[in-house]
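[1] structure for this input, please:
(2 chains)
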Amino acid sequence: MDRLFLVCSNVFIGVFALFCFLPFWMMLMGSITNETEILLKGYSLFPEAFSLEAYRVLFRSSTILRGYGVTSFITVVGTALGVAISALLAYSIANKRNRLRNHFAFFVYFTMLFNGGLVPFYILISNWLKLSDTLWAIIMPALLQPFLVFLMVSFFRTLPAELEDSARIDGANELKVFAIIMVPISKPIIATVALFYALAYWNEWFYGLLFLANDQMYPLQLLLRRMISNMMAARNLIPAGAATVNVPSLGIRMAMTVITIGPIILLYPYMQRYFVKGLTIGAVKG
Amino acid sequence: MDKDKQGTIALAERSTGVRRGSKPGRSKTPLWRDMLRSPFLYIIALPGLLLYLVFSYIPMYGIIIAFKKFNIREGIMGSEWVGLSNFTFFLKSGDMGRIVYNTLFLNVLFITATTFFAVLTAMLLNELRNKYYKRVSQSIIFLPFFMSWVVVSMMVNAMLSGRNPTMNVWLEALGLPPVDWMFSPELWPWILTVIRVWQATGYGTIIYLATISSIPGEMYEAARIDGASRRQIMGRITLPMLVPTISILTLLAVGRIFYGDFGMIYALLGDNPILYSTTDVIDTYVFRALRTLNNFGMSAAVGLAQSVMGFVLILTVNMIVRRVSKESSLF
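    Reported below is the predicted structural model:
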């Protein structure tokens, strides 16, 4: 009976994992399949005619390079700022010597419960701060991640208080204590939070959609999205007979997607360890 | 305690002004003097606090747009005050029923399905013996979480739309009739749920696995000695021990039940009027009202209603859970 159960468990997990993996495989195959074959038979799991034409076309244009540039920029800058600001904030909240720490904590965590809605936010960014059409409109809002602050607070709370005390007794001032002792010890949590931020920035498309008019500044995700919305527009317009929409070929769509997620997939084995760690800490503490 | 340690602790107390284990406010010096003397902790929090102030709290002021006939040129103060007419306009439009229903229904589907599959996957993964198989399959199951909805949209489009959607190719291979996916709104709640399970199970599995691994091993040993089968162990030990985590996560999700997953739905379906009847949620509606119709006032009104309802809900649900079992509640 137990044997049967074990077999079923393995089968279920296997099937589910296959289900999760399938779309990636199809995308990869679709990107290296000959265009004609896709037109005739649709995307298939095991294509017969291969071709790298889709990638050749994409890399010929400078759009991809620009997209990569923009995405990399907002990811690097956003992650650096995000980690710095959140870590400082979390350290302050976690430290028992901060008499306002509960106030700070409430101030930050309350934003998870209630917000003003899309309209005031939109007006803030575009009218009051005049950040429309700049990359900061993407970078700034995504810096706020109360969950990540919470993660770091949980971590800092596990550090023994004696550590800071003994350092201060040895005469170091607060800044030194933080920089020389706390930061090196916190490397794992900083790595985890950095990866969370990096992933969020790499995948970010909503703020760009709202605030960017200049398509020279589109990150990869927005380029991909523009491709999709052209496809959708073409589909909806076909009855009306409009043919002015630039519909990308079937292979190019897949290739573009592969290009967009490429770095994530490549770094995945390395990254996921930290994500699992981070979520685990959050799970047990939270 | 030897003399040295005593002296050290006394010195620490005097230099930091805080006695070990004291609460904030117990200290004798007034707050402002404390802040002036050792401002470090307060200063480093400033950038973060400022950020939240500007991007989360200041927009709350914009809530009054919900009560005005907003005109960009006149700004917030200059626009005409119309009281509740934005809300009544929305109520009369007949859209409210549809979008609130869709939001709630879809979220209920999502919460149920993802919790079910995440718990099941976590428990079964825990039972696997082959470490390599375990690690690889867990990695694969977690992978979809890392994809943005735009990327997922491309995958879904390949499967379900176009002239030769892959799903139909497979259906025909199985001898089944092809389906016009993009024109069948009644199918989409289920399609969206499948996609959601695909994307989110990995995340939940990790959290539940973490909880499972914190179950003391002695419980399992005792059960095995008593001759319990794997299934019994799973049902009587593992599952009950997961209940607090399940209820916290479900509580968190229910608190957000009035918030549709805009990122997912808009990325997957864009502005597709045919499918609005089952997929238009509050957030997509607000977005459209803002971008396409430029109706700031009504858009803000609906957004405000959503925020208020969500807030009230999460407080209520938390109170209920508190009554039932203290350790399962959020705060």
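
[2] tell me the pLDDT at the residue of chain B at minimum distance from chain A?
    Evaluated by Cβ to the nearest Cβ, chain B has residue B:62 as its residue closest to chain A, separated by 2.2 Å. Yep, even glycine has a C-beta here, placed from its N, CA and C like the rest. At residue B:62, the pLDDT value in this model is 83.

[3] then residue B:254?
    Per-residue pLDDT puts residue B:254 at 85.

[4] which residues does the nearest residue to it once chain neighbours are set aside contact?
    With Cβ to Cβ, 6 or more residues apart in numbering or on different chains as the criterion, residue B:254 has its nearest non-adjacent residue at 5.4 Å, and that residue is residue B:317. Residue B:317 is in contact with B:251, B:254-255, counting by Cβ atoms under 8 Å, 6 or more residues apart in numbering or on different chains.

[5] could you redo the last one with a cut-off of 10 Å?
    Listed by Cβ atoms under 10 Å, 6 or more residues apart in numbering or on different chains, the contact partners of residue B:317 are B:247, B:250-255, B:257, B:329-330.

[6] so residue A:198 is in which element?
    In this structure, residue A:198 is located in helix A:187-202 according to DSSP states H and E.

[7] and what of residue B:188?
    Using DSSP H and E, residue B:188 maps to helix B:188-213.

[8] wait, isn't residue A:148 in contact with residue A:79?
    No. In this structure, residue A:148 is not within contact of residue A:79 by Cβ atoms under 10 Å, at 11.0 Å.

[9] between those two, what contacts are shared?
    Contacts common to residue A:148 and residue A:79, judged by Cβ under 10 Å, 6+ apart, are A:193-194, A:196-197, A:200.

[10] break chain A down into its structural domains.
    Here the domain parsing of chain A from automatic domain parsing is A:1-51, A:60-285.

[11] now the ones you listed in CSV, with mean neighbour count and mean pLDDT?
    As requested, the domains of chain A are arranged in CSV below (neighbours: other Cβ atoms under 10 Å in any protein chain shown; pLDDT from 0 to 100):
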stretch, mean neighbour count, mean pLDDT
domain A:1-51, 16, 86
domain A:60-285, 18, 86
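
[12] relative to chain B, which of these is closest?
    That would be, of the domains of chain A and by Cβ to the nearest Cβ, domain A:60-285, which comes in at 2.2 Å.

[13] for the closest one, what is the distance to the chain centroid?
    With Cα atoms, centre = their mean, to the nearest Å as the basis, domain A:60-285 stands 6 Å off its chain's centre.

[14] check whether the host helix or strand of residue A:266 comes near chain B.
    Secondary-structure element containing residue A:266, defined by DSSP H and E: helix A:250-285. Yes. Between helix A:250-285 and chain B, judged by Cβ under 10 Å from any Cβ of the partner chain, the touching residues are A:250, A:253-254, A:256-258, A:260-261, A:264-265, A:267-269, A:271-273, A:275-284.

[15] leaving out sequence neighbours, find the closest residue to residue B:186.
    Nearest-residue entry for residue B:186: residue B:278, 6.4 Å, with adjacent residues in sequence omitted and distances by Cβ to Cβ, 6+ apart.

[16] what is the burial count for the one you found?
    20 (other Cβ atoms under 10 Å in any protein chain shown).

[17] now residue B:92
    Residues near residue B:92, counting by other Cβ under 10 Å, number 10.

[18] sorry, back to before: from the shared contacts of residue A:148 and residue A:79, which are also near chain B?
    Among the shared contacts of residue A:148 and residue A:79, the ones lying near chain B by Cβ under 10 Å from any Cβ are residue A:200.

[19] quick one: least confident helix or strand in chain B?
    Every helix and strand of chain B was ranked by mean pLDDT, DSSP states H and E. The lowest is helix B:3-16, at a mean of 49.

[20] next, the buried residues of the helix or strand just after that helix.
    Using DSSP H and E, the helix or strand that follows helix B:3-16 in sequence is helix B:31-37. Neighbour counts using 16 or more other Cβ atoms under 10 Å in any protein chain shown place B:34-35 of helix B:31-37 among the buried residues.

[21] what mean pLDDT does helix B:31-37 have?
    Helix B:31-37 comes out at a mean pLDDT of 81.

[22] secondary structure class for residue B:80?
    At residue B:80 the chain is in strand, as set by DSSP: H, G, I helix; E, B strand; the rest coil.
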